[in-house]
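Chemist: dropping a prediction and its sequence here:
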Amino acid sequence: MADNQKNTEGTGGPLSNDDLQDLVASSDTGARSPVGSAGYVIAGVALCWSLFQLYIASPLPFMLSSLTGLSLVLNDAQTRAIHLAFGLFLAYMAFPALSSSPRDRIPVQDWVLAILAACSALYIFVFYRDLAQRPGLPITQDLIVAGMGMLLLLEATRRALGPPLVIVAVIFLLYVFFGSSPIVPDIIRWGGASFSRAMDQMWLSPNGVFGVALGVSSAFVFLFVLFGSMLDRAGAGNFFIKLAFALLGHLRGGPAKAAVLASMMTGLISGSSIANVVTTGTFTIPLMKRVGFKPERAGSVEVASSVNGQIMPPVMGAAAFLMVEYVGISYLQVIKHAFLPAVISYIALLYLVHLEAVKNDMPMLEKRQTHPATVALLRAGITIASIVILAGAIYYAIAAVRYVMPGISAPVLILALLGIYVALVWYAAQTPDLELDDPNAPVVELPIATEVLRTGLHYLLPLVVLVWFLMIERSSPGLSAFYAVLLLIVIILTQKPLKALFRGLQSSQQVAAFREGFEDLVAGLITGARNMIGIACATAAAGIIVGTVTLTGIGQVMAEFVEFLSGGNIFLILVFTALISLVLGMGLPTTANYIVVSSLMAPVIVQLGAANGVLIPLIAAHMFVFYFGIMADVTPPVGLASFAAAAVSGGDPLKTGFTAFFYSLRTVLLPFIFVFNTDLLLIDVSWLGAIWIFCLATVAMLIFAAATQGFFMVKNRLWESAALLLVTFMLLRPGFFLDLVQDPYNQVEPQQIFEAVEAEPDNGEIRLVIQGPSFENPDQMIDRTMAFGLGEAGTDGQARFEQAIGLPVRIENGIVILDEPMDMNSLAGKTLSNMDFYMDEPVQITAVEVSAERMPREVFYIPALLLLGLVVFLQRRRGGTLAGNPRPATA
């Protein structure tokens, strides 16, 4: 990737299509494409990897086990070992060691390294029973294989992903071995570990390389990456781009708006912001430049759109599945919490692009078929209503089939699905297939939405199947993706021969179409596996960081470090955490990025928030660090997505990165808001409440975009931009202003703590001011204001208190005394670890605060709307309109 950055800076113009494909290959699938037997080996191994992952995700192992009586179901340790063996082998085969290394052949040393790396991983598969019988007591053979495997993993990661993740992993390994060195600062010094202890943690146990992250990669991520690859191979990628341009291309700044929509649709299933940039950017960026966007701004719009695809459910760059494991909630809950901020962010980006186009008076591309605005709006409303009605009809039809034919409902529904697919392919065969347009052609003819839609409606069926099994059947993500991929296999194999049949082509052409479909299927399976090489290496290497955190307790040190820098101020805690997450995420792919920042920084937010009187839900903390981690793809000096966009546009990479960061300010703002206003994450919110929050937050983010762009109805005056920022804050965070007017807490006498706890409703909150002698200096007293959630209400206040907070408590002579926490790894145990519970002066609760009844925070919407109305009134007097003053459409 570094070489590509240099090439981009050196050419001063956009790269050729071959160069761009090489850029994607070097970062995703591997730049090496050898000919002859070596090429067949890479393709064959990649194909076997995809087939293996489909096998373990399917019900087939259980069926075969019951039929044969043999144990053919692999456990987690076995599947993770095989998964990593495939990834390491292909990393050495597909990724050259250096930029000067040959790409048309595989050197002998790479064959040797590939086989050794695969064997090191398969060692866990072969000897997992023996390793389980000697936990923590590795023999010499174990240590040799583990040490070799660690070195080969780091080199494979360097080849597939570049040096950033390797550097981070090596630093953590050095900390494991030399943490007791005098050169290590006192605040992070620890006892250090022997080689045997470190290798047991990192390679031979499920706490490091073969931990949760690699397990998620093998169980879920591979299938979703394969799903995206095969959907693109089927033709859905071009369909999404064409549909986006058909819907939005004729508007002011239409190519940029289409880029946003196309990147959102491809981002739904993509795990790579760089691939997203290049895939959609090769078409959208030249068109943006044609309507007046400068190269840097065109690239920046594409970067902001593509990187946002990583926060868009259902895949979220594979982070969604990791959140399930790390946060301990269901996949559906992760999707629910992530959905609203992602959608609002995209809507705000669309509006930001509109303001950019209006501000610079950009022309519009000519539309082939026009309708009055009222007719277009009516048609859009009818379409949305029809989709909702159709979804309801399908749901109740399936329920009816299951009720009437419970024994044979599954085959009946499968036949119905295949019938719908054949009908949609027949419908698509009535029009010519979509072809890739040349964005540099003298005349750009925008497609008609209805014509585009009819060519690709069958591409939506796998998405419907995926969503159905995830949302309705509540199946696991892996099984849901398996069924969706299974349907995709049918589509890729049959869509071309079916179209040939429906178009009346000769039988020889139908056979050729089937052969072409089979080749597409094999190519899709191979590409999906090659796209997984970097992710497999990333999740394994990131396991080193996770293992180090577990082994050394560095997470607690990070919390102390951030608290020291912030002085306990919750806003500064978030700022420093955001900056550290941004640095940690530099140069890392989305999956590894999330593993690193969530392992180190998410617990810091939760712990320090509670330790300073603010309860922050764990999912909010994980979303916060994830958002800032992926912003490293945007911001210089690394900003891989920005460099990729500059390679397409020919613009300056650094300018592109800074502009893209400016366009992404809404993505920077949202995490700070949803940490304090968890309604944005739809936590404990009803359906009606969710609709209200969506509308309110969308309006607020549009106002924020207008403020940061310096243009609303006309060019903003400075005070108007400031006023719009204030309106945004009042709409998104009205509780801040309510806290200034009314105290959020009532004081309760410490002796009445149990009565106060018992009176709190379900999921109530209590704040405690805890005072005790310092562990290091007994003469010094320490004060802590901690917030705790109380869980479900109960009849016994003391039992509820001790169960929810984990602090044994007793009242003696009017003093509420705390004993040492029952679990020192709990929130209370970590926060109060610097207090001495065995001195003459006890650790005690000196104040108790419970939530106060106050006026609704929504009262502050009134001054916000009045201030917004004032800005609108003044700008209208200067001749402004919400839509701007559009120029006549031009060709």
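Modeler: Cool, got the structure.
Chemist: so where is the chain shaky, pLDDT-wise?
Modeler: Low-confidence segments of the chain (pLDDT under 70): 1-30, 268-272, 317, 365-377, 379-380, 436-444, 794-795, 880-891.
Chemist: which stretches in it count as strands?
Modeler: 745-748, 765-773, 781-789, 809-812, 815-818, 843-851 (DSSP state E).
Chemist: which residues sit in contact with R800?
Modeler: By C-beta atoms under 8 Å, 6 or more residues apart in numbering, R800 lies in contact with V757, E758, L790, G791, A793, G794. Quick note: C-beta positions are derived from backbone N, CA and C, even for glycine.
Chemist: ok, which of the strands of the chain comes nearest E563?
Modeler: strand 781-789 (11.0 Å; C-beta to C-beta).
Chemist: about what we covered before: mind putting the strands of the chain into TSV with distance to N569?
Modeler: Output for these, formatted as TSV (distance: least, C-beta to C-beta, whole Å):
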stretch	distance to N569
strand 745-748	18
strand 765-773	16
strand 781-789	12
strand 809-812	29
strand 815-818	25
strand 843-851	18
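Chemist: circling back to that earlier point, out of the contacts of R800, which is nearest to A132?
Modeler: Proximity of those to A132 (C-beta to C-beta) peaks at G791, which lies at 35.8 Å.
Chemist: you'd agree the closest one is up against Q803?
Modeler: Yes - counting by C-beta atoms under 8 Å, G791 does reach Q803; the two are 7.3 Å apart.
Chemist: geometric centre of the chain: which residue is closest?
Modeler: Centroid-nearest residue in the chain: M316, 3.0 Å away (criterion: C-alpha atoms, centre = their mean).
Chemist: if I look at that residue, how far off is A690?
Modeler: Distance, M316 to A690, using C-beta to C-beta, to the nearest Å: 19 Å.
Chemist: for P636, same thing?
Modeler: Using C-beta to C-beta, one obtains 37 Å as the distance from P636 to A690.
Chemist: for the chain, which helix is longest?
Modeler: helix 507-552 (DSSP state H).
Chemist: just checking, what packs against it?
Modeler: Applying 3 or more C-beta pairs under 8 Å, 6 or more residues apart in numbering; DSSP states H and E, one finds that helix 507-552 contacts helix 37-57, helix 76-94, helix 140-161, helix 163-178, helix 212-216, helix 222-234, helix 477-502, helix 590-600.
Chemist: start and end of stretch 173-184, how far apart?
Modeler: 14 Å (C-alpha to C-alpha, to the nearest Å).
Chemist: gap between L718 and A707?
Modeler: L718 is 11 Å from A707, by C-beta to C-beta.
Chemist: out of the two, which sits in the more crowded spot?
Modeler: Between L718 and A707, counted using other C-beta atoms under 10 Å, A707 has the larger neighbour count: 22 against 8.
Chemist: shouldn't that one be in contact with F729?
Modeler: No - applying C-beta under 8 Å, one finds A707 not in contact with F729, separated by 10.2 Å.
Chemist: those helices in the stretch 601-750 of the chain, which residues are they?
Modeler: If DSSP state H, counting those that start in this stretch is used as the criterion, the helices of the stretch 601-750 of the chain fall at 602-611, 618-630, 640-649, 653-663, 665-676, 687-709, 718-732, 734-741.
Chemist: now V614: how far from S833?
Modeler: From V614 to S833 the distance is 20 Å (C-beta to C-beta).
Chemist: which of those two has more neighbours?
Modeler: Taking neighbours as other C-beta under 10 Å, V614 and S833 compare with V614 leading, 21 against 14.
Chemist: now the more buried one: closest residue in space, sequence neighbours ignored.
Modeler: Leaving aside its sequence neighbours, V614 sits nearest to I570 (C-beta to C-beta, 6 or more residues apart in numbering; 5.0 Å).
Chemist: I'd like to know how far G292 sits from A298.
Modeler: Distance of G292 to A298, given as C-beta to C-beta: 9 Å.
Chemist: swap in G657?
Modeler: As defined by C-beta to C-beta, G657 lies at a distance of 14 Å from A298.
Chemist: repeat for A236
Modeler: Taking C-beta to C-beta, one finds A236 at 24 Å from A298.
Chemist: quick one: buried residues of stretch 174-181?
Modeler: By neighbour count on 16 or more other C-beta atoms under 10 Å, the buried set for stretch 174-181 is Y175, V176, G179.
Chemist: actually stretch 728-741, not the one I wrote
Modeler: Neighbour-count burial for stretch 728-741 [16+ other C-beta under 10 Å]: T728, F729, M730, L731, L732, R733, P734, G735, L738.
Chemist: what's the answer for stretch 801-810, then?
Modeler: Counting neighbours by 16+ other C-beta under 10 Å, stretch 801-810 gives F801, E802, A804, I805, G806, L807, V809 as buried.
Chemist: filter those residues down to just the ones in helices.
Modeler: Of the positions in the buried residues of stretch 801-810, F801, E802, A804, I805 sit in helices, assigned by DSSP H.
Chemist: ok so, going back, which one of G292 and A298 is surrounded by more residues?
Modeler: Shown here are G292 and A298; by other C-beta under 10 Å, A298 has more neighbours (30 against 17).
Chemist: which ones are touching that one?
Modeler: Contact analysis of A298 by C-beta under 8 Å, 6+ apart lists A256, T284, I285, M288, K289, S649, G651.
Chemist: count of neighbours near D361?
Modeler: For D361, using other C-beta under 10 Å, the count is 12.
Chemist: if you could redo that for T68, that was the one I meant.
Modeler: What T68 shows, counting by other C-beta under 10 Å, is a neighbour count of 9.
Chemist: ok, so what distance separates it from M199?
Modeler: From T68 to M199 the distance is 37 Å (C-beta to C-beta).
Chemist: burial check on the nearest residue to A706 once chain neighbours are set aside, number of neighbours?
Modeler: Distances taken as C-beta to C-beta, 6+ apart put F712 closest to A706, at 4.1 Å, once the chain neighbours are dropped. By other C-beta under 10 Å, the residues close to F712 number 23.
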